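Chemist: coords below, sequence missing:
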């Protein structure tokens, strides 16, 4: 009985009116079971907070089916975003183009400790050609597998070939001699005696 009387005399702390118990929202934790604000004031307070959050995050209001990008705030449709099983709507907040750029720069930083600008500086003066086979576009960062030091930027074929030769110059020289026709094979001198090429 006392709870009902307190609820009837309670007033809203924002508009200073005394709303009826039905006009204030329910609050299970409070002893009287009602909120401090009346329903219209509570709604206005929530909308004011949502607007503040939106301004702080620089998110514009977006059309239905779109979501703002974190990096620039542009709204992108669901077809321009990757899937993300952990997100509430099942789609990533970054569009496909931005995710590719972030993935490339993140890979360079994690693997080689370099930025995209440092990679571009390695390409300057090469006129868009691979240093070992002119004519191919260099796209892959080459590094020493023992020290991890970056040597340059090569085309895919040259970078893969260096990896297959395990960065050993002696193996590469023998491979070059083989391709040029100087096959590395011993010459027969006498039974049980072979002359190895130098």
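Modeler: Perfect, thanks for sending it. Bear in mind that the values here come from a model prediction, so they are computed numbers and not experimental data.

Chemist: So for stretch 99-111, what gets flagged as buried?
Modeler: residue 108 (16 or more other Cβ atoms under 10 Å). Backbone N, C-alpha and C define where each C-beta goes, glycine included.

Chemist: outside of it, which residues touch it?
Modeler: Here stretch 99-111 makes contact (Cβ atoms under 8 Å, 6 or more residues apart in numbering) with 82, 92, 94, 114-116, 118-119, 141.

Chemist: Now render the residues you listed as JSON lines, adding distance to residue 75, neighbour count and secondary structure.
Modeler: Listed next are the contacts of stretch 99-111 as JSON lines, based on distance: Cβ to Cβ, whole Å; neighbours: other Cβ atoms under 10 Å; DSSP: H, G, I helix; E, B strand; the rest coil:
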{"residue": "82", "distance to residue 75": "16", "neighbour count": "13", "secondary structure": "strand"}
{"residue": "92", "distance to residue 75": "14", "neighbour count": "19", "secondary structure": "strand"}
{"residue": "94", "distance to residue 75": "13", "neighbour count": "21", "secondary structure": "strand"}
{"residue": "114", "distance to residue 75": "33", "neighbour count": "16", "secondary structure": "coil"}
{"residue": "115", "distance to residue 75": "29", "neighbour count": "12", "secondary structure": "coil"}
{"residue": "116", "distance to residue 75": "26", "neighbour count": "12", "secondary structure": "helix"}
{"residue": "118", "distance to residue 75": "33", "neighbour count": "14", "secondary structure": "helix"}
{"residue": "119", "distance to residue 75": "31", "neighbour count": "18", "secondary structure": "helix"}
{"residue": "141", "distance to residue 75": "35", "neighbour count": "19", "secondary structure": "strand"}
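
Chemist: any idea which of these is closest to residue 158?
Modeler: Nearest to residue 158 among the contacts of stretch 99-111: residue 141, at 12.0 Å, using Cβ to Cβ.

Chemist: which residues touch the closest one?
Modeler: Contacts of residue 141 by Cβ under 8 Å, 6+ apart are 108, 111-112, 114, 119, 122, 150, 152-153.

Chemist: Of the residues you listed, which one scores lowest on pLDDT?
Modeler: Comparing pLDDT over the contacts of residue 141, residue 122 scores lowest. The value there is 87.

Chemist: What backbone torsions are found at it?
Modeler: phi -70, psi -30 (degrees, to the nearest 10).

Chemist: Please name the residues that touch it.
Modeler: Residue 122 neighbours (Cβ under 8 Å, 6+ apart): 141, 150, 152-153.

Chemist: Is it correct that residue 101 falls within a helix?
Modeler: Yes. Checked against DSSP: H, G, I helix; E, B strand; the rest coil, residue 101 lies within a helix.

Chemist: ok, so what distance separates it from residue 110?
Modeler: 15 Å (Cβ to Cβ, to the nearest Å).

Chemist: can you give me the strands for this structure?
Modeler: 24-26, 34-38, 66-68, 75-77, 81-83, 91-95, 140-143, 150-154, 187-190, 193-195 (DSSP state E).

Chemist: Which strands or helices does the fifth one pack on?
Modeler: With contacts defined as 3 or more Cβ pairs under 8 Å, 6 or more residues apart in numbering; DSSP states H and E, the secondary structure elements packing on strand 81-83 are strand 91-95, helix 96-112.
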